[in-house]
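Colleague: here is a sequence with its predicted model. Questions after.
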Amino acid sequence: MFHRILVGVDDSPAAKAALERAVELVEASHGRLGLLSSAPGPPPLPCAGPVVLPVSRAQLEQQLLDWAQRNVEEAAKLVPEEIPVTKLVSRGSPGRALLREARSGCWDLVIVGQSHRRRMPLLERVGERLNRRSATPVLVVHEEPREPRRVRGRHRRRRAQVRAV
């Protein structure tokens, strides 16, 4: 049984599904829960050129850190009061932050959410990276699929109308 469960949280529906599953497991095992959110590094800013950005790199880093802190606080509100919670905020890649924390030996299980949408198909997903590199067991919780949109039929009708003209 898993008594110390670490969950990667952010503001995505997949992370919320992972948190719900983690709460179920912690309640069943009377364990404790760790919530980790990582503030990714800001993208490289152009050094020269006609574009002037409204924020500095330090301000952008602080905004990302505040975002990660908000993620942890919002996730903690969803956890029942009787479950002990450890809140962790990190900087850097979410995958690396979870891997580093998993390797610390403090956790029996790591749970992450995974969306069905791939923003960039060549990039590795956090759950895949953790499964390959972590000695700690990893549970990947998939986001509930949305109902398919019915836009396709409309586009086909428009194309047929254009061809008929």
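Modeller: The structure has been received and is ready for your questions.
Colleague: which residues are contacting whichever helix in the chain runs longest?
Modeller: Longest helix in the chain by number of residues (criterion: DSSP state H): helix 57-77. With contact meaning Cβ atoms under 8 Å, 6 or more residues apart in numbering, helix 57-77 is reached by 7, 9-11, 15, 19, 35-42, 45, 55, 85, 87-91. C-betas here are computed from N, CA, C, even on glycine.
Colleague: for PyMOL, write the select line for the buried members of those residues.
Modeller: The buried residues among these can be selected in PyMOL (16 or more other Cβ atoms under 10 Å) with this line:
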select buried, resi 7+9+10+15+19+35+36+37+38+39+40+42+85+88+89+90
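Colleague: wait, T86 sits on V26?
Modeller: No: contact criterion Cβ atoms under 8 Å: T86 and V26 do not qualify, at 11.6 Å.
Colleague: which one of the two is surrounded by more residues?
Modeller: Using other Cβ atoms under 10 Å, the more surrounded residue of T86 and V26 is V26, with 26 against 15.
Colleague: doesn't the more buried one fall inside a helix?
Modeller: Yes: counting by DSSP: H, G, I helix; E, B strand; the rest coil, V26 falls inside a helix.
Colleague: list the contacts of it.
Modeller: By Cβ under 8 Å, 6+ apart, the contact list for V26 reads I5, R32, L33, I83.
Colleague: can you list those residues in a markdown table and add secondary structure and pLDDT?
Modeller: As requested, the contacts of V26 are exported to a markdown table (DSSP: H, G, I helix; E, B strand; the rest coil; pLDDT from 0 to 100):
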| residue | secondary structure | pLDDT |
| --- | --- | --- |
| I5 | strand | 96 |
| R32 | strand | 96 |
| L33 | strand | 97 |
| I83 | coil | 96 |
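Colleague: just the element for L98, please.
Modeller: Using DSSP states H and E, L98 sits in helix 94-103.
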